[in-house]
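1. Make a model of this:
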Amino acid sequence: MSQAEASRQKPQQGPGDGGPGDDRPGGGGPGGDRVGDDRPGDGEPGGDRPGDDRPGGGGPGGDRPGDDRPGDGGPGGDRPGDNRPGDGQPGNDRPEGASSGSSSSGSSSPGSSSPGSSSPGNAGPAPGGPGAPRVASYPRRQLGLFASELTTTFRRWRTIALLAVLAAVPVLIGIAVKLESDHGSTARDPSGNGPAFLTDITNNGLFLVFAALAATLPVFLPMAIGVIAGDSVAGEASAGTLRYLLVAPAGRTRLLLAKFVCAVAFCLAATLVVAAPALAVGALLFPLGDVTTISGTQISFADGLGRAALISAVVAASLVGVAAVGLFVSTLTSSGIAAMATTVGLVITVQILDGIPQLHALQPYLFPHYWLSFADLLRAPVYWDEIVKNLGLQGLYAVVFGSAAWARFTTKDIAA
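-> Now for the predicted structure:
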């Protein structure tokens with residue numbers, strides 16, 4: 001039996017015996033370290049296992065292929081693309097400035113997240129790019145509340161019903177005048193106190209626009225505005241939705257401004273709902289042509305149509321004072337019905353006061369006092385004095401009652 005075979009039969013070997021599988025330093029002979037020994041061997045072939053990541057004896061296989069630590073200088077001592085110092089052999093370190101296998105900044109390898117990388121795995125899309133999250137601009141967020149309030153207001157069945165009633169007024173007036181003219185009678189009151197616009201309708205259908213606005217302005221239009229403005233804030237409070245509107249990042253001032261804008265928009269819509277059907281019915285039932293003004297002069301139909309549009313705008317502006325009063329009343333209560341009834345009652349009361357001669361000193365400050373001044377636009381030349389007074393008075397009401405509504409609403413306990 002040889003010495004090597006005898007050594008295998010020994011249960012334990014002492015240091016330096018060099019037996020196979022011994023995990024201690026051997027005597028330097030062949031096989032002094034076991035295959036896969038992870039400690040320094042004798043430098044002979046097989047002294048370190050293939051892929052050993054510690055320095056070996058310098059023979060082939062002393063470092064595993066792709067080892068990222070300094071090896072013995074043999075082939076495969078450093079992995080291709082190694083970014084640590086090697087021995088200069090092929091595949092160790094790329095030359096400085098080379099573009100292949102580099103993981104430095106500016107690499108275009110897949111999955112790279114380094115600065116300047118244009119790979120698909122780059123960290124997140126560029127700001128404003130196709131995949132970037134869309135953030136609504138500040139003006140768009142500001143206009144979103146106004147658009148929402150307008151949509152909500154004009155989608156309500158109550159609003160649609162009010163507009164339908166207003167649209168029916170000029171239709172009824174036109175049919176009534178047509179029937180009377182077919183029977184040979186005049187539309188003017190036999191006493192001579194009837195509105196002059198009614199007799200002029202049979203000669204020119206454009207006057208139906210003026211007659212319809214004159215008939216709806218004292219009663220129908222202000223009552224419709226009072227309903228919408230009175231319910232603007234109080235209706236939200238009674239329905240329990242006001243606190244939810246304030247939870248959203250709207251703010252009380254902006255919400256109140258949106259309510260007022262909706263009321264003013266309804267003023268314009270209500271006026272157009274009266275004027276547009278009046279023009280259509282007037283064109284259908286009566287002739288159209290040059291317009292004879294109140295002053296007795298004639299203007300072209302195009303000029304008369306432009307004055308009709310201007311009269312509609314003035315009538316809509318004349319209702320701004322009612323809208324401001326209704327908005328203020330709406331902030332005083334949490335009952336929508338009470339706010340609407342109060343606003344309509346105030347409109348009727350103020351018009352009664354405006355008709356009492358003994359209150360002539362007070363009447364110029366009442367919002368309906370100059371409502372019918374729009375008729376001066378049918379004069380040649382136009383009389384602007386009372387029209388300007390009317391617009392200034394409506395602006396004053398908007399500022400005073402709008403400020404009062406803001407002071408009340410911004411300090412109001414919504415939870416109460």
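2. do you know how far Leu353 is from Gln394?
-> 17 Å (C-beta to C-beta, to the nearest Å). From N, CA and C alone the C-beta is placed, and that goes for glycine too.
3. Settle it for me: which of those two has more neighbours?
-> Shown here are Leu353 and Gln394; by other C-beta atoms under 10 Å, Gln394 has more neighbours (22 against 15).
4. State the distance from that one to Glu236.
-> Distance, Gln394 to Glu236, using C-beta to C-beta: 25 Å.
5. Same question for Leu319.
-> Distance, Leu319 to Glu236, using C-beta to C-beta: 22 Å.
6. if you count what's nearby, which of those two comes out ahead?
-> Leu319 (27 against 22).
7. Helix or strand next in line after the longest helix belonging to the chain, which one?
-> Scanning the chain for the longest helix, with DSSP state H as the assignment, gives helix 252-285. For helix 252-285, the following helix or strand on the C-terminal side (DSSP states H and E) is strand 291-292.
8. List phi and psi for Leu288.
-> Backbone torsions for Leu288, taken as degrees, to the nearest 10, come to phi -120, psi 150.
9. Name the residues of stretch 201-214 that come out as buried.
-> By 16 or more other C-beta atoms under 10 Å, the buried positions in stretch 201-214 come out as 201-202, 204-214.
10. again, but for stretch 317-325
-> 317-325.
11. again with stretch 161-169
-> Counting neighbours by 16+ other C-beta under 10 Å, stretch 161-169 gives 162-163, 166-167, 169 as buried.
12. Do a quick rundown of the helices in this structure.
-> Using DSSP H, helices in the chain cover 3-9, 138-155, 157-182, 196-201, 207-216, 220-239, 242-247, 252-285, 301-318, 320-332, 336-354, 385-410.
13. now those in TSV, with distance to Leu362 and mean pLDDT?
-> Formatted as TSV, the helices of the chain follow (distance: least, C-beta to C-beta, whole Å; pLDDT from 0 to 100):
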stretch	distance to Leu362	mean pLDDT
helix 3-9	128	45
helix 138-155	33	76
helix 157-182	30	91
helix 196-201	29	76
helix 207-216	24	92
helix 220-239	19	88
helix 242-247	36	69
helix 252-285	25	93
helix 301-318	19	94
helix 320-332	15	94
helix 336-354	7	92
helix 385-410	13	94
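14. tally of neighbours for Ile337?
-> Neighbours around Ile337, by other C-beta under 10 Å: 13.
15. residue contacts, it?
-> Ser238 (C-beta atoms under 8 Å, 6 or more residues apart in numbering).
16. Check Gly235 too.
-> Counted by C-beta under 8 Å, 6+ apart, Gly235 has contacts 330, 336, 339.
17. run the last query once more with 6 Å
-> By C-beta atoms under 6 Å, 6 or more residues apart in numbering, the residues touching Gly235 are Gly336.
18. Next, find the distance separating Ala215 from Phe146.
-> Using C-beta to C-beta, one obtains 32 Å as the distance from Ala215 to Phe146.
19. Oh, that last question was meant for Ile337, not what I typed.
-> As defined by C-beta to C-beta, Ile337 lies at a distance of 26 Å from Phe146.
20. on that earlier part again, kindly reformat the buried residues of stretch 317-325 as JSON lines and extend each row with distance to Leu285.
-> As requested, the buried residues of stretch 317-325 are exported to JSON lines (distance: C-beta to C-beta, whole Å):
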{"residue": "Ala317", "distance to Leu285": "29"}
{"residue": "Ser318", "distance to Leu285": "28"}
{"residue": "Leu319", "distance to Leu285": "28"}
{"residue": "Val320", "distance to Leu285": "33"}
{"residue": "Gly321", "distance to Leu285": "34"}
{"residue": "Val322", "distance to Leu285": "31"}
{"residue": "Ala323", "distance to Leu285": "33"}
{"residue": "Ala324", "distance to Leu285": "38"}
{"residue": "Val325", "distance to Leu285": "37"}
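21. Going by distance to Glu180, which of the residues you listed wins?
-> Proximity of those to Glu180 (C-beta to C-beta) peaks at Ser318, which lies at 29.2 Å.
22. So that closest one is in contact with His369, correct?
-> No. Between Ser318 and His369 there is no contact under C-beta atoms under 6 Å: 10.3 Å.
23. Show the backbone phi and psi for Arg379.
-> Dihedral angles (degrees, to the nearest 10) for Arg379: phi -100, psi 160.
24. and it, what does it touch?
-> Counted by C-beta under 6 Å, 6+ apart, Arg379 has contacts 293-295.
25. burial of Phe286, as a residue count?
-> Count around Phe286 with other C-beta under 10 Å applied: 20.
26. Just to check, it is in contact with Gly205?
-> Yes. Using C-beta under 6 Å, Phe286 is in contact with Gly205, at 3.5 Å.
27. ok now do Tyr370, which residues does it touch?
-> 386, 389-390.
28. rerun that using 10 Å as the cut-off
-> Tyr370 makes contacts with 314, 318, 354, 363-364, 376, 385-394, as judged by C-beta atoms under 10 Å, 6 or more residues apart in numbering.
29. cool, Ser181 as well?
-> Counting by C-beta under 10 Å, 6+ apart, Ser181 touches 187, 199, 201-203, 285-286.
30. Now Leu217: phi and psi?
-> Per-residue torsions, Leu217: phi -60, psi -40 (degrees, to the nearest 10).
31. Look up how far Val227 lies from the residue lying closest to it once chain neighbours are set aside.
-> Distance criterion C-beta to C-beta, 6 or more residues apart in numbering; nearest residue to Leu217, sequence neighbours excluded, is Trp371 at 5.4 Å. For Trp371, the distance to Val227 equals 18 Å [C-beta to C-beta].
32. Kindly report the same for Trp384.
-> Distance from Trp384 to Val227, by C-beta to C-beta: 32 Å.
33. The two: which has the busier surroundings?
-> Between Trp384 and Val227, counted using other C-beta under 10 Å, the more crowded position is Val227 (23 against 13).
34. I figured that one hits Thr343, correct?
-> Yes. Contact criterion C-beta atoms under 10 Å: Val227 and Thr343 qualify, at 7.4 Å.
35. Now for the two: what residues contact both?
-> Counting by C-beta under 10 Å, 6+ apart, the common neighbours of Val227 and Thr343 are Gly326.
36. Now do the contacts for Pro277.
-> 166-171, 174, 208-209, 212.
37. wouldn't Glu149 be in contact with Val233 here?
-> No. Between Glu149 and Val233 there is no contact under C-beta under 10 Å: 11.3 Å.
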